[in-house]
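J.: what follows is a protein structure lacking sequence information:
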C-alpha cells in the first residue's frame, strides 16, 4: 500500500471511509441543525404523511400520529450523530465492530439499495416539478438534476453543509408562505378536526411509517458529523440533529396530510402543490415547485455521497482500498448512473411496486439501528479501537456473530407484523386490521439480544488497544492510507 501523502485538490473532499485526523476537524455544531432540517424538509418526505388519510383516518388524528411518530423515530436517528465526532468515521463503516469485517456486508448491501432507490424517486419528483414549471420533459430534467447532484456530492462534505444552510433560510420564507396559504385558503372535509373520529388502524399505520422513515435516516448521520472536533458533547450533538430533523419531517409530513385531505382522491404530489400554491397568488405554485426541485437536488446529493461511502466500504471488505479522490469519483459516478437509469426506466406501475420494496428496505434498518446503538452506548460505551476497524484480521473479526444473530432474530420476529400494501400483510398485522407495529417488536428484541450476547466482551482491553494505536492511526491518516 502506498504511504505517500496526497494534498487536497481544488477544495474537493478526498477522504471517504478513512479516519478523519484531529487537525482536520472543523465546523460548528449548529450546522447540523439546518443540514438535517433541510434533508427532511423536501417534498419526497411529504408523501410519508398521506398514509392515514388514504386509509380513511381523519385529519386531526393523522397530524397527531405524524408528530408522535417523528418524536419517537428521530430519537434513535439522532443518537447516531454523536458517533461521528467521537470516532471520526462515516456511519456504515462503524458496523464492523458489531457485524465483523466481512459480516457488515449484510447491512451495507441494504443501505446501498436504499440510497439508489430513494434517488429514483427524488429525481423523478424533481424532473416532474421542473417540467411543470419550465417544461423540457421529465427525462431531461432527471439527467440535469442527477448531474448537479453528482457535482455537489463530489465536492463533498463542506459544500453539502453550506448548501443545506442556504436552502434552509430560503425554505423558511417560501414554504412558510405556502403553509400559511394551505391553512387559510384550503377547505377540508367535514369532521377533519373532530377528535371523536379516532380510528386505531390508520393511526397506527401512520405512526409506524413515520417512525420508520425517521429511523431510516440513521444510516446517514455520522457521515455529516465526522469532521466535527471530538470535544463536542453527545447531548448538544443529539439536540441539533434531533430538532433539525424532527422539525423538517413534521412540517412536510403534516403539509402532505393537509394537502391529501383537501385534494381527496385527486391528490398528486406535483399537481396538488402547484394548485394549492396558486391559491395564495397566481404563479406562486411554480415558485414553490422550483424551490422544491432544489431541495430534491440536495437530498439526491446526500444519497450519492452516502452511497459512495457504502460502496467503498463494501469493496474494502474484499480488497483494501486507499481512499482517494479517484475512488470517490468512480463510486459516486456509479451511484449516480444507477439512479438515473432507474429513474428513466421507471413507469407508474413500477413506482408503485418499488415503493413497497423500499418499505421493506426500511424494515431492514430497524434491527441494525438497535444493534448499533446498543453497542455504542451500552456495551462499548463509545470506546473503539478505530485502527482495528480497518484490519481484516483484527479484534472485531471477519464475522461478528453477536451482531448478525441479534439482527436476524430481530428481523424475523418483525415479519408477522409487516404491512406492505398489497405486497405482504403478516398474520399479526392482519389481526390488527393492517396496522404495522413491527418497529416496536424489532427494536427491543435486537437490542436486548445483542446486549445478552456481548456480556463477555472485554471493553477495557479494547480501550487500551485503542490508546496504544492512537498515534499510528493519526500518522496513517495524514499519509492518506488505512492504518
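T.: On my side now, so go ahead. Since the model is a prediction, treat every value here as computed from it, not as a measurement.
J.: quick one: low-confidence ranges for this structure?
T.: 1-10, 347-358, 482-483 (pLDDT under 70).
J.: go again with 80.
T.: Along the chain, segments meeting pLDDT under 80 span 1-11, 55, 201, 266, 323, 346-362, 420-423, 433-436, 478-483.
J.: grab the longest helix from it for me.
T.: Ordering each helix of the chain by length in residues (DSSP state H) puts helix 284-316 first.
J.: now do the helix or strand just after that one: everything it contacts.
T.: Next in sequence after helix 284-316, counting helices and strands by DSSP states H and E, comes helix 325-345. By Cβ atoms under 8 Å, 6 or more residues apart in numbering, the list of residues contacting helix 325-345 from outside reads 6, 9, 12-14, 16, 112, 115-117, 119-120, 123-124, 127, 139, 142-143, 146-147, 149-150, 153-154, 156, 300, 303-305, 307-308, 311-312, 315, 321. Every C-beta, even on glycine, is put in place using the N, C-alpha and C of the backbone.
J.: relative to helix 284-316, how tilted is helix 325-345?
T.: With axes from the mean of the first three to the mean of the last three Cα atoms, to 10 degrees as the criterion, the two stretches helix 325-345 and helix 284-316 enclose an angle of 130 degrees.
J.: before we move on, the earlier item: packing partners for the longest helix of the chain?
T.: helix 32-40, helix 43-46, helix 105-134, helix 138-155, helix 157-185, helix 269-278, helix 325-345 (3 or more Cβ pairs under 8 Å, 6 or more residues apart in numbering; DSSP states H and E).
J.: how about those, which one is nearest residue 248?
T.: Closest of the helices and strands packed on helix 284-316 to residue 248 is helix 32-40, at 3.3 Å (criterion: Cβ to Cβ).
J.: for that closest one, name the packing helices and strands.
T.: Helix 32-40 makes packing contacts with helix 157-185, helix 234-263, helix 284-316 when contacts are defined by 3+ Cβ pairs under 8 Å, 6+ apart.
J.: quick check on the contacts of helix 325-345: which are buried?
T.: If you count burial by 16 or more other Cβ atoms under 10 Å, the buried members of these come out as 13-14, 16, 112, 115-117, 119-120, 123-124, 127, 142-143, 146, 149-150, 153-154, 156, 300, 303-305, 307-308, 311-312, 315, 321.
J.: for residue 424, give me phi and psi.
T.: Dihedral pair for residue 424: phi -160, psi 130, per degrees, to the nearest 10.
J.: ok, and the closest non-adjacent residue to residue 152?
T.: Here the nearest residue to residue 152 in space, its sequence neighbours aside, is residue 301; by Cβ to Cβ, 6 or more residues apart in numbering that works out to 3.9 Å.
J.: ok, how many other residues are close to that neighbour?
T.: Residue 301 is flanked by 29 other residues according to other Cβ atoms under 10 Å.
J.: ok, it to residue 317 distance?
T.: 25 Å (Cβ to Cβ, to the nearest Å).
J.: need the contact list for the most centrally placed residue in the chain.
T.: Within the chain, one residue has its C-alpha closest to the average C-alpha position: by Cα atoms, centre = their mean, that is residue 217, at 2.5 Å. Contacts for residue 217 (Cβ under 8 Å, 6+ apart) come out as 36, 39-40, 77, 245.
J.: and of these, the nearest to residue 256?
T.: Using Cβ to Cβ, the shortest approach to residue 256 within the contacts of residue 217 belongs to residue 40, at 12.1 Å.
J.: list the residues that contact the closest one.
T.: When the contact criterion is Cβ under 8 Å, 6+ apart, the partners of residue 40 are 217, 244-245, 248-249, 252.
J.: and if you look at residue 361?
T.: Counting by Cβ under 8 Å, 6+ apart, residue 361 makes contact with 110, 113-114, 117.
J.: nearest residue to it other than its sequence neighbours?
T.: residue 114 (4.9 Å).
J.: burial of the one you found, as a residue count?
T.: Residue 114 is surrounded by 22 other residues when neighbours are defined as other Cβ under 10 Å.
J.: and the helices and strands packed on helix 32-40: which comes nearest residue 378?
T.: If you check each of those against residue 378 by Cβ to Cβ, helix 234-263 wins as the nearest, at 13.5 Å.
J.: give the buried residues for the closest one.
T.: In helix 234-263, the ones that count as buried by 16+ other Cβ under 10 Å are 237-263.
J.: quick one: it to helix 32-40, angle?
T.: With the same axes, to 10 degrees as the criterion, the two stretches helix 234-263 and helix 32-40 enclose an angle of 30 degrees.
J.: give the helix, strand or coil label for residue 202.
T.: When the structure is reduced to helix, strand and coil (DSSP: H, G, I helix; E, B strand; the rest coil), residue 202 reads as helix.
J.: and the closest residue to it other than its chain neighbours, what is it in contact with?
T.: With Cβ to Cβ, 6+ apart as the criterion, residue 202 has its nearest non-adjacent residue at 3.2 Å, and that residue is residue 57. Taking Cβ under 8 Å, 6+ apart, we find residue 57 in contact with 65, 199, 202-203, 206.
J.: same question for residue 97.
T.: Taking Cβ under 8 Å, 6+ apart as the definition of contact, the neighbours of residue 97 are 375, 380, 384, 389, 396, 400.
J.: could I get the residues you listed in a markdown table, plus columns for distance to residue 170?
T.: Converted to a markdown table, these look like this (distance: Cβ to Cβ, whole Å):
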| residue | distance to residue 170 |
| --- | --- |
| 375 | 39 |
| 380 | 41 |
| 384 | 39 |
| 389 | 39 |
| 396 | 44 |
| 400 | 44 |
